[in-house]
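Novice: Predicted structure and sequence below. I'll ask about it afterward.
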Amino acid sequence: MNYPIYLDYNATTPCASEVIEAMLPYFGTHFGNAASKSHPYGWMAENAVEEAREKIAHLIGAKAKEIIFTSGATESINLGIKGTFEAYQGEKQHYITAWTEHKAVLDTFAEIQKKGAEVTYLPVDSMGNISMEELENSILPHTKLICLMWANNETGVIHPVEKIADLAESKNIIFFTDAVQAAGKIPVFTKGIHLMAISAHKLYGPKGVGALYVRHNHDLPKPLAQIHGGGHEKGMRSGTLNVPAIVGFGKASELRLAEMNAEALRLEFLRNRLEKGVLEIPDTFLNGSQEFRLPHVTNISYGEVEGEELLKKVNQKVAVSSGSACTSISPKPSHVLQAMGLSSDLGRASIRFSLGKNTSETDIDLTIDWVKKVVLELRK
């Protein structure tokens with residue numbers, strides 16, 4: 001197939017060749033079940049899992065025992081939020097999040113609201129930033145958890161995680177961050193954080209595997225298991241481990257740690273070049289704060305064009321999305337851009353460009369030319 005230029009790395013990334021190579025033996029030669037403790041097949045698989053756990057922990061600054069494997073970030077988010085709600089069962093419970101969170105977070109909070117939880121959804125300003133003052137004022141005596149993402153998947157805006165962690169710590173409240181778009185792209189840490197969701201396929205690892213970081217050595221409750229049957233992963237997530245995918249996740253984490261900083265500088269240069277070129281088109285607008293954001297992401301709105309037609313035409317030569325891959329099939333405007341105050345028409349006529357390892361200067365220049373051509377044609 002003659003694929004278009006790929007600028008949708010926030011949706012997913014290709015597996016690095018080293019990751020594929022590391023995984024292959026665990027499909028065939030070393031096919032054992034990591035829970036088989038009585039023979040070498042199981043030992044080999046278990047060793048591979050524990051090595052990967054170390055590498056993933058190293059990427060985020062955690063201890064290996066604090067990494068719980070899941071099928072991906074959506075499961076990690078469900079385990080973190082629903083598991084915490086169940087851990088406080090019988091108590092009055094209040095949670096704080098923001099309107100710009102990923103749907104996996106918003107939909108999970110909607111579920112625990114049905115079961116009696118109170119949830120405060122923080123607004124954001126036109127740049128996508130939350131107010132720390134508003135966050136602090138939202139805390140109630142029965143607030144159990146603050147859930148705010150590290151970096152936004154649609155705009156790249158980075159929340160002040162360190163300040164949020166300090167506030168949560170001072171109030172003895174669990175802090176859960178969805179770090180899916182941040183881990184492996186920018187340095188992250190676990191100080192003051194109790195729960196963190198990460199995903200392999202966003203950092204050049206395989207799909208279908210993720211992790212929940214669960215902080216040890218503190219007094220607040222840990223989430224209760226949502227999947228039962230064998231007590232795997234310290235009783236927090238039962239089920240036979242996906243050994244090849246976990247090995248791939250570990251290798252991808254190791255690679256990202258080595259190349260992340262240099263790659264961030266390269267991509268920031270390319271992202272800025274893309275923005276400069278595309279924003280030369282009249283009546284175009286950059287969405288989100290430029291002060292604190294991911295180096296490889298930009299979100300741009302286009303006036304005087306119809307959103308669905310714009311996306312369809314641009315995707316003929318450049319693979320992009322209008323927002324999260326989980327909701328991009330919907331013609332509705334992005335909930336993130338709506339929360340930032342964009343009109344429905346501009347929200348629909350917005351494109352997220354997310355760059356990655358295979359993005360070249362030539363790709364960027366071709367993209368600028370193509371987007372200009374499409375927008376000007378649609379405005380005729």
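Specialist: Now that the structure is in, tell me what you want to look at. Residues are numbered from 1 along each chain as shown.
Novice: what's the domain layout of the protein?
Specialist: Per automatic domain parsing, the domain ranges recorded for the chain read 5-12+260-378, 17-254.
Novice: Compare those domains and say which comes out lowest on pLDDT.
Specialist: Lowest mean pLDDT within the domains of the chain: domain 5-12+260-378, at a mean of 94.
Novice: Show the end-to-end separation of that domain, please.
Specialist: 21 Å (CA to CA, to the nearest Å).
Novice: Same list (the domains of the chain) but as a markdown table, adding mean neighbour count.
Specialist: Yep, even glycine has a C-beta here, placed from its N, CA and C like the rest. Shown next, in a markdown table, are those (neighbours: other CB atoms under 10 Å):
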| stretch | mean neighbour count |
| --- | --- |
| domain 5-12+260-378 | 18 |
| domain 17-254 | 20 |
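Novice: Would you mind measuring from the residue nearest to Val161 when sequence neighbours are not counted to Thr240?
Specialist: The shortest distance from Val161 to any residue other than its chain neighbours is 5.6 Å, reached at Trp150 (CB to CB, 6 or more residues apart in numbering). From Trp150 over to Thr240 the distance is 30 Å, taken as CB to CB, to the nearest Å.
Novice: same thing with Ala45?
Specialist: From Ala45 to Thr240 the distance is 10 Å (CB to CB).
Novice: Torsion angles phi and psi at Thr97?
Specialist: Per-residue torsions, Thr97: phi -140, psi -160 (degrees, to the nearest 10).
Novice: quick one, what contacts the nearest residue to it once chain neighbours are set aside?
Specialist: Once flanking residues are discounted, Thr97 sits nearest to Cys147: 4.5 Å by CB to CB, 6+ apart. Cys147 makes contacts with 80-81, 95-97, 101, 105, 109, 175-178, as judged by CB atoms under 8 Å, 6 or more residues apart in numbering.
Novice: Is Cys147 bridged to anything, and to what?
Specialist: Assessed by DSSP bridges, Cys147 has beta-bridge partners Phe176.
Novice: From Glu254, how far off is it?
Specialist: 28 Å.
Novice: circling back: which residues do Ala45 and Thr240 both contact?
Specialist: 33-34.
Novice: I'd guessed Lys82 sits against Asp107; true?
Specialist: No - look at Lys82 against Asp107 with CB atoms under 8 Å: they stay out of range, at 11.2 Å.
Novice: just to revisit the earlier point, could you dump the contacts of Cys147 to a markdown table with distance to Gly208?
Specialist: Output for the contacts of Cys147, formatted as a markdown table (distance: CB to CB, whole Å):
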| residue | distance to Gly208 |
| --- | --- |
| Gly80 | 19 |
| Ile81 | 21 |
| Tyr95 | 28 |
| Ile96 | 30 |
| Thr97 | 26 |
| Glu101 | 22 |
| Val105 | 20 |
| Phe109 | 24 |
| Phe175 | 27 |
| Phe176 | 22 |
| Thr177 | 22 |
| Asp178 | 18 |
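Novice: nearest to Leu376, of those?
Specialist: Glu101 (35.5 Å; CB to CB).
Novice: any idea how far that closest one is from Val180?
Specialist: Separation of Glu101 from Val180 (CB to CB): 11 Å.
Novice: go on, Ser321?
Specialist: 15 Å.
Novice: Tell me who's in contact with His159.
Specialist: 129-130, 148-152 are the contacts of His159 under CB under 8 Å, 6+ apart.
Novice: how about the helices in the stretch 151-300 of the chain?
Specialist: 161-171, 243-278 (DSSP state H, counting those that start in this stretch).
Novice: can I get those helices in JSON lines with distance to Ala73?
Specialist: Listed next are the helices of the stretch 151-300 of the chain as JSON lines, based on distance: least, CB to CB, whole Å:
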{"stretch": "helix 161-171", "distance to Ala73": "17"}
{"stretch": "helix 243-278", "distance to Ala73": "12"}
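Novice: isn't Gly72 right up against Gly210?
Specialist: Yes - using CB under 8 Å, Gly72 is in contact with Gly210, at 4.0 Å.
Novice: list the residues that contact both of these two?
Specialist: 199-200.
Novice: hey, where'd the strands end up in this protein?
Specialist: With DSSP state E applied, the chain shows strands at 5-6, 67-70, 94-98, 118-122, 143-147, 174-178, 195-199, 210-214, 284-286, 297-302, 318-319, 350-354, listed in chain order.
Novice: Which strands or helices does the second one pack on?
Specialist: For strand 67-70, the contact count by 3 or more CB pairs under 8 Å, 6 or more residues apart in numbering; DSSP states H and E identifies helix 40-60, helix 73-87, strand 210-214 as packing neighbours.
Novice: now the angle from the second one to strand 210-214?
Specialist: Interaxial angle, helix 73-87 versus strand 210-214 (axes from the mean of the first three to the mean of the last three CA atoms, to 10 degrees): 30 degrees.
Novice: returning to what we had before: which ones are touching the residue nearest to Val161?
Specialist: Trp150 touches 158-159, 161, 177-179, 181-183, 188, counting by CB under 8 Å, 6+ apart.
Novice: before we move on, what about Ala264?
Specialist: 185-186, 295-296.
Novice: cool, Tyr6 as well?
Specialist: Tyr6 makes contact with 319, 356, 358-359, according to CB under 8 Å, 6+ apart.
Novice: bridging residues for it?
Specialist: Listed beta-bridge partners, Tyr6: Ala319 (assigned using DSSP bridges).
Novice: contact partners of stretch 273-289?
Specialist: Around stretch 273-289, the neighbours that count as contacts under CB under 8 Å, 6+ apart are 127-129, 152, 155-157, 298-304, 337, 340, 342, 346, 350, 353, 355, 361, 364-365, 367-368, 371-372, 375-376.
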